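*Asks:* Predicted coordinates and the sequence they were generated for:
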Amino acid sequence: MANDKVTSTDVAKRAGVSQSAVSRVFTPGGSASKKTIEKVKKAAEELGYRPNVLARAMVSGKSRVIGLVVAYLNNQFYPDALEKLSNQLQEQGYHVLIFMANNSDSVIEEVIEEILDYQVDGIIAASVDLSSELAARCRSVGVPIVLFNRSQQGDDFSSVTSDNFSGGIAAAEFLVAGGHKKISYIAGLDCTSTQRDREIGFRAGLQQAGIDVHSRGDGMFDMDKAREATRAMFKNDPPDAVFVANDHMALAVMDTIRFELGLRIPEDVSVIGFDDVPAASWPAYNLTTLAQRADIMVSETVRILLQQISHENDAPQKVAIGSPLIVRGSARLPKGYTS
């Protein structure tokens, strides 16, 4: 029997059970005896039957599918976080569809419309900014959205982020405590909440010590842009310390400082990043950084989304997870600190 013609009715006949019993066996959380499950799965395997998830969604109104939108994967933080998101959702009986989108409003709108065509139960938007119009569109069809590692003003979306503002303050305090006077900053994308909050916190931390940002470079969360910003920053009146808005850029900044400019880290210049990606702990970098606690961020994101899918709590929730400073060897150690 050809696989594309096998139906649940065929499986029911082969297993000697009702069609509804077959449906229960292949529905997450469905109730069926161990004997029935064994008979149905044996018959399904013999016939080459696979349940039609989308067809079941049309009947039940629930697809058990989550749409996951991400803007880029070159930053090591995101592949790791997305794997954790996918694993936790699968443990809850959900399937994950991943869609790529940049932060262009028109592209994001197209992607969201495409996701909605798949009858998803919910959407997680990682590193993507969404408009209030898209929020209203999703609400109108009963699909909740949670922003991951992004936040937006207003009450349109739930969001889970690191406490980027406090992390920026911690970076400033550490560099000031290390005796640095010319402290610079290499920024990410100005349109993003992560960049904005990290820089505001960093500037606030420096101001508490009576210090202004020595110079500012625009890295746009891109390694090549970060290299260009570093070259320009060190051309005239170079800094003695640099806080970089994420580790992805910080690795490029360190390579440029050492191998192009011939300076020593941390003897000539200290570098701090943000994220604590796997490469940050490699001996070649040994990067002092603020850690994004992906496990906690993922768990909170899944919790909020499932609460909204079940209508247990429909109110927008905004969660900010603390980012501890991971002290390694790329920045001068103040007195009292240990690496």
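*Replies:* Yes, it's here.

*Asks:* Quick one: mean pLDDT over stretch 225-232.
*Replies:* The average pLDDT for stretch 225-232 rounds to 98.

*Asks:* In that stretch, which residues are buried?
*Replies:* Within stretch 225-232, the residues scored as buried using 16 or more other CB atoms under 10 Å are 225, 226, 227, 228, 229, 230. The way it works is simple: take the backbone N, C-alpha and C, and place the C-beta from them, glycine included.

*Asks:* Please, which helix or strand holds residue 303?
*Replies:* Element membership for residue 303 (DSSP states H and E) is helix 294-309.

*Asks:* what's the spacing between residue 116 and residue 289?
*Replies:* Using CB to CB, to the nearest Å, residue 116 is found at 37 Å from residue 289.

*Asks:* Of these two, which one has the most company?
*Replies:* Using other CB atoms under 10 Å as the criterion, residue 116 and residue 289 rank with residue 289 on top: 29 against 16.

*Asks:* Show me what the strand or helix carrying residue 133 is packed against.
*Replies:* If you go by DSSP H and E, residue 133 is part of helix 132-140. Helices and strands touching helix 132-140, by 3 or more CB pairs under 8 Å, 6 or more residues apart in numbering; DSSP states H and E, are helix 105-117.

*Asks:* what packs against the helix it packs on?
*Replies:* Under the contact criterion of 3+ CB pairs under 8 Å, 6+ apart, helix 105-117 touches strand 65-70, strand 95-100, helix 132-140.

*Asks:* buried ones in the longest one?
*Replies:* For helix 132-140, a neighbour-count test (16+ other CB under 10 Å) marks 134, 135, 137, 138 as buried.

*Asks:* Looking at those residues, which two lie furthest apart in space?
*Replies:* 135 and 137 (7.2 Å; CB to CB).

*Asks:* Which residue ranges of the stretch 1-150 of the chain form strands?
*Replies:* 65-70, 95-100, 122-126, 145-148 (DSSP state E, counting those that start in this stretch).

*Asks:* With distance to residue 330 as new columns, can those be given to me in TSV?
*Replies:* Below are those laid out as TSV (distance: least, CB to CB, whole Å):
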stretch	distance to residue 330
strand 65-70	28
strand 95-100	32
strand 122-126	27
strand 145-148	27
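
*Asks:* Can you say which of the ones you listed is packed in most?
*Replies:* Highest mean neighbour count among the strands of the stretch 1-150 of the chain (mean count of other CB atoms under 10 Å): strand 145-148, with a mean of 26.

*Asks:* chain center to that strand: distance?
*Replies:* 9 Å (CA atoms, centre = their mean, to the nearest Å).

*Asks:* and for the following helix or strand past it, what are the contacting residues?
*Replies:* On the C-terminal side of strand 145-148, the closest following helix or strand by DSSP H and E is strand 158-162. In this structure, residues lying in contact with strand 158-162 by CB atoms under 8 Å, 6 or more residues apart in numbering are 144-152, 193-194, 197, 290, 292-293, 297, 300-301, 304-305, 308, 316-323.

*Asks:* Sheet-wise, list the partners of strand 158-162 with their directions.
*Replies:* Strand pairing for strand 158-162, determined by DSSP bridges: strand 145-148 (parallel), strand 318-321 (parallel).

*Asks:* so what's residue 289 up against?
*Replies:* 247, 250, 272, 273, 274, 275, 276, 280, 325, 326, 328.

*Asks:* Chain neighbours aside, what residue packs nearest to it?
*Replies:* residue 273 (4.1 Å; CB to CB, 6 or more residues apart in numbering).

*Asks:* same deal with residue 232?
*Replies:* Spatial nearest neighbour of residue 232, chain neighbours left out: residue 217 (6.4 Å); criterion: CB to CB, 6+ apart.

*Asks:* Just the element for that neighbour, please.
*Replies:* Assigned by DSSP H and E, residue 217 falls within strand 216-218.

*Asks:* which parts of that strand are buried?
*Replies:* 217, 218.

*Asks:* Next SSE downstream of that strand?
*Replies:* The first helix or strand that comes after strand 216-218 along the chain, using DSSP H and E, is helix 223-233.

*Asks:* tell me the mean pLDDT for stretch 288-297?
*Replies:* For stretch 288-297, mean pLDDT rounds to 97.

*Asks:* just stretch 67-84 next, same as before
*Replies:* Stretch 67-84 comes out at a mean pLDDT of 90.

*Asks:* What are the buried residues along that stretch?
*Replies:* Neighbour counts over stretch 67-84 (16+ other CB under 10 Å) mark 67-72, 75-78, 80-82, 84 as buried.

*Asks:* Next: stretch 165-185.
*Replies:* 165-176, 178, 180, 183-185.
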